[in-house]
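Asks: would you be able to build a 3D model of this:
(one chain, ligands or ions: 1)
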Amino acid sequence: MKDGYGREIDYLRISVTDRCNFRCRYCMPFEGVPAAHHDELLSFDDIVQIARIANELGIRSFRITGGEPLVRRGLPDLIRALRDQCDVDDLSMTTNAFLLPRYARELKDAGLDRVNISIDSLDPEKFKWIARGGDLDTVLRGLDTALEVGFDPVKTNTVVMAGVNDQEIIDIIDFLTIDKPVVARFIEYMPIGEAPRAGLEYVDLSAKREELTEKYGLEPAVPRRGNGPARYWRVQGGQGMIGFITPISDKYCATCSRLRLDARGVVRPCLAYDFGVSLKDALRNEGPERVRELIETIILKKPEEHHWEIGEVSPVAMSALGG
Ligand code: SAM
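Replies: Residues are numbered from 1 along each chain as shown. Model prediction:
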């Protein structure tokens, strides 16, 4: 289905929990967020029903996210149910990978196609400082396990912060993309949730990309899978690829194809605005036809673009929205 600006909406991010085992400084306060009671969350059955209704509107790409999706018990059961009961072209998950050594094989067998792993630093101390949880060793084991079990591609997300990890970009590229077939993606720091309060600074990654291209001879590369906002590059002879996600310095709202469903069942059309509509009550009290109408309405209300580049900030954190 097309939105009011002619964009085809074919991608739904599904948050399965607002809890997380990390406390990334830009994302979640150290004390955590008031966690939803189990009854307030969408059940796996609710999620599958919503995905089937989304199918009717042409949505066939799904990404599981959170919070940290792997802290939701029984997640492979949801993956299996989405595979078996819905029409799915692409089923992916965003994770901090801390629990991937334990779950990667089961998730792959259940039908998950690919994973995006968040890694903000390769320096163990800095990693801990940013994430305030977990440890780099386990996360890197999660990454290796993801490659071993055959997720394809394995992508990483690094949120770049001035004076924190911007000097590490080349080391991260070398480590992840020369001998490993990883797609290393660098993301501009967005003014959402905790970020405007965290005392950390944005880096313009369009400029950074030009600087790195010149200095290190990065060459354009064509991704095999995934229709996200990054444009890809590679180190000559490297196995992996490099992406720069530039929502602020070079925004890509004109090609945005996604909706987000949060763990409590609210569907939102845009990360930058705090409005959405609850599908949970509609599903439980009024039935699938009403859910379909609500999704159609929210698609038609999808805003044209965010205005972060002129200083606007957005109140709801990625962890709550389904980042
Ligand atoms: N827990 C999972 C993880 O760590 O990947 C999934 C949820 S997390 C909210 C999803 C992604 O959003 C992570 O890659 C995280 O770094 C990114 N993110 C959160 N807040 C952000 C911000 N203010 N700017 C840019 N990226 C952000």
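Asks: contact residues of the stretch 51-200 of the chain facing the ligand?
Replies: For the stretch 51-200 of the chain, the residues in contact with the ligand (CB under 6 Å from any ligand atom) are 65-66, 68, 94-96, 118, 157, 159, 187, 189-190, 192, 195. Bear in mind the C-beta positions are built from the backbone N, C-alpha and C, glycine included.
Asks: now, these that are in strands?
Replies: Residues of these located in strands (DSSP state E): 65, 94-95, 118, 157, 159, 187.
Asks: can you say which of these are buried?
Replies: Buried subset of these (neighbour count, 16 or more other CB atoms under 10 Å): 65, 94-95, 118, 157, 159, 187.
Asks: out of the ones in strands among the residues of the stretch 51-200 of the chain next to the ligand, which one sits closest to residue 2?
Replies: For those, the minimum distance to residue 2 (CB to CB) is 24.4 Å, reached by residue 65.
Asks: and for the closest one, nearest residue in space, chain neighbours not counted?
Replies: Residue nearest to residue 65 in three dimensions, not counting chain neighbours: residue 94, with 4.4 Å by CB to CB, 6 or more residues apart in numbering.
Asks: beta partners of that neighbour?
Replies: On the basis of DSSP bridges, residue 94 is bridged to residue 116.
Asks: tell me if I'm right that it and residue 118 touch.
Replies: Yes - with contact defined as CB atoms under 8 Å, residue 94 counts as touching residue 118 (7.1 Å).
Asks: between the two, which contacts overlap?
Replies: residue 157 (CB atoms under 8 Å, 6 or more residues apart in numbering).
Asks: quick one on the thing from earlier: okay if I get the residues of the stretch 51-200 of the chain next to the ligand as TSV plus pLDDT?
Replies: Below are those laid out as TSV (pLDDT from 0 to 100):
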residue	pLDDT
65	98
66	95
68	97
94	98
95	98
96	98
118	98
157	98
159	98
187	97
189	97
190	96
192	93
195	92
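Asks: quick one, what contacts residue 239?
Replies: Applying CB under 8 Å, 6+ apart, the residues contacting residue 239 are 177-182.
Asks: could you do residue 93 as well?
Replies: So residue 93 contacts 63-65, 69, 107, 112, 114-116 (CB under 8 Å, 6+ apart).
Asks: now swap in residue 121 and tell me
Replies: Counted by CB under 8 Å, 6+ apart, residue 121 has contacts 127, 130, 136, 158, 164-165, 168.
Asks: 6 Å instead?
Replies: Residue 121 is in contact with 127, 165, counting by CB atoms under 6 Å, 6 or more residues apart in numbering.
Asks: pLDDT score for it?
Replies: Model confidence at residue 121, given as pLDDT, is 98.
Asks: so how far is the ligand from it?
Replies: Computed as CB to the nearest ligand atom, to the nearest Å, the residue 121 to the ligand distance reads 12 Å.
Asks: show me where this structure has its helices.
Replies: Counting by DSSP state H, the chain has helices at residues 44-56, 75-85, 100-110, 124-131, 136-149, 169-177, 205-216, 280-281, 288-300, 318-321.
Asks: what does the third one rub up against?
Replies: Looking back up the chat, that one is helix 100-110. Applying CB under 6 Å, 6+ apart, the set of residues contacting helix 100-110 is 70, 76, 79-80, 141-142, 145-146, 149.
Asks: which two in those are spaced the farthest apart?
Replies: Top of the distance list for the contacts of helix 100-110 (CB to CB): 80 and 141, 24.4 Å.
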